[in-house]
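Peer 1: Provided below are the primary sequence and the corresponding predicted coordinates.
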Amino acid sequence: MDERPSIIIVDNDKTLLLMLLEMFTSEGYRCETCTSAQAALELINKSCFHVMIADIAMPGMSGFELTEKAKKLRPDMVTIVMTGFTDDFSYDKAIEAGASDFIRKPFTKQEIIHRISHVKLQERLRIQSMTDELTGLYNRRGFFTLAEQFLKLSKRQNKGIFMLYADLDHLKVINDTLGHQEGDLALIDISNVLKATYRESDVIARIGGDEWVVIPVGNTGEDIEKIIDRLQKNIKYYNATKKSNYTLSVSLGISHYDPENPSSLDELIARADKMMYEQKRLKQTYLKQPHWLSGGVGSPWLEPAP
């Protein structure tokens, strides 16, 4: 497996592409080039790149549009836009589109290499500030930063999206019975189940001690039923195959963002949180206490009351 840092360069100037290809290859990068934004998107969808450098003024799709679409596919990819038309574009426009930096043509080898090193460092620091240290998922700050982009896209496309809210059942029981180290392992385990269930492009975040959100999880009610069913099956598979001292179970809530009647992220969370607590209340009312310690008699799921 090629472990070199990877870069994709997008420009309709073939001479410049060849020059940059030779330059970055000599610097130790695995490098791909594309002459159109559409071709670049297809390649980015198939392969992971650490850096994208794209010209702003290209036929068909501009570098700004490409940046917006590419960052949705690969949120962690560092993006630098470049242009020779310095009077027509600005740094602010580049950042608004999701780029990490803006560079004017012509530029020297030292300048572009320095820019890449700088933005990669800034991106690492930014990601660290938005990442939950225990689980590796986004934290609350990361969720609000990235989820806002999905709401803007939903409004622009006039297409509603759903958000999932998940709460780990009985974390306190695990902590009190087995210790906080086992509780942390349970948090990590359910985070890994969520990562295995949802797409890499989805925002999966731990926003509280035992609370997670995922956005988007579909556009229709039909999507939601399938997605929740897949999550429950993955949790059930985990419980059946992993030799843990506890059993995982979650309570879930769903909220819908309607672009024709928009709501804030706080409102979406509040509605999903209310639905989740109603599910948890029903469990406590109609279902017996589950066997949270492995080795207990019965199903790893909550048992129906007699």
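Peer 2: Now that the structure is in, tell me what you want to look at.

Peer 1: residues contacting residue 27?
Peer 2: Taking CB atoms under 8 Å, 6 or more residues apart in numbering as the contact definition, residue 27 lies against residue 113. Any C-beta I mention is one placed from the backbone N, CA and C, and that applies to glycine too.

Peer 1: for residue 278, see how far away it is.
Peer 2: Counting by CB to CB, to the nearest Å, the separation of residue 27 from residue 278 is 56 Å.

Peer 1: for residue 214, same thing?
Peer 2: From residue 214 across to residue 278, the span is 19 Å (CB to CB).

Peer 1: quick one: low-confidence residue ranges for the stretch 151-300 of the chain.
Peer 2: Per-residue confidence for the stretch 151-300 of the chain (pLDDT under 70) gives these ranges: 220-222, 285-300.

Peer 1: what segments of the stretch 1-150 of the chain are helices?
Peer 2: In the stretch 1-150 of the chain, helices defined by DSSP state H, counting those that start in this stretch lie at 14-26, 37-46, 63-73, 91-97, 109-129, 140-157, listed in chain order.

Peer 1: for the first one, list every residue counted as buried.
Peer 2: What it means is helix 14-26. In terms of neighbour count (16 or more other CB atoms under 10 Å), helix 14-26 has its buried residues at 16-17, 20-21, 24.

Peer 1: just to revisit the earlier point, so which of residue 214 and residue 278 has more stuff around it?
Peer 2: Neighbours were tallied for residue 214 and for residue 278 using other CB atoms under 10 Å; the higher tally belongs to residue 214 (24 against 12).

Peer 1: how about the helices of the stretch 1-150 of the chain in CSV, adding distance to residue 166?
Peer 2: CSV is the format used below for those (distance: least, CB to CB, whole Å):
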stretch, distance to residue 166
helix 14-26, 42
helix 37-46, 27
helix 63-73, 23
helix 91-97, 32
helix 109-129, 23
helix 140-157, 13
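
Peer 1: re earlier: got a markdown table for the buried residues of helix 14-26, with pLDDT and distance to residue 6 too?
Peer 2: Supplementary listing: these in a markdown table, determined by pLDDT from 0 to 100; distance: CB to CB, whole Å:
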| residue | pLDDT | distance to residue 6 |
| --- | --- | --- |
| 16 | 92 | 19 |
| 17 | 94 | 16 |
| 20 | 94 | 14 |
| 21 | 94 | 13 |
| 24 | 93 | 10 |
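
Peer 1: closest to residue 209 out of these?
Peer 2: Distance from residue 209 was checked for each of the buried residues of helix 14-26 by CB to CB. The minimum falls on residue 24, at 43.9 Å.

Peer 1: what's the closest non-adjacent residue to that closest one?
Peer 2: Among residues not flanking residue 24 along the chain, residue 31 sits closest, at 4.6 Å (CB to CB, 6 or more residues apart in numbering).

Peer 1: the one you found touches residue 17, doesn't it?
Peer 2: No. Counting by CB atoms under 8 Å, residue 17 is not a contact partner of residue 31; they are 9.7 Å apart.

Peer 1: between the two, which contacts overlap?
Peer 2: Between them, residue 31 and residue 17 share these contacting residues under CB under 8 Å, 6+ apart: residue 9.

Peer 1: for residue 238, grab the count of nearby residues.
Peer 2: Taking other CB under 10 Å as the definition, residue 238 ends up with a neighbour count of 18.

Peer 1: so who does it touch?
Peer 2: 189, 193, 248.

Peer 1: now it: how far from residue 284?
Peer 2: 23 Å.

Peer 1: do residue 191 as well
Peer 2: Looking at residue 191 against residue 284, where the rule is CB to CB, the gap reads 24 Å.

Peer 1: look at those two and report which has more neighbours.
Peer 2: For residue 191 and residue 284, the more surrounded residue by other CB under 10 Å is residue 191, and the numbers stand at 20 against 13.

Peer 1: can you report phi and psi for the more buried one?
Peer 2: Backbone geometry at residue 191, expressed as degrees, to the nearest 10, gives phi -60, psi -40.

Peer 1: how about the contacts made by the nearest residue to it once chain neighbours are set aside?
Peer 2: Spatially, and ignoring its direct neighbours in sequence, residue 191 is nearest to residue 135 (3.8 Å; CB to CB, 6+ apart). By CB under 8 Å, 6+ apart, residue 135 lies in contact with 187-188, 191, 206.
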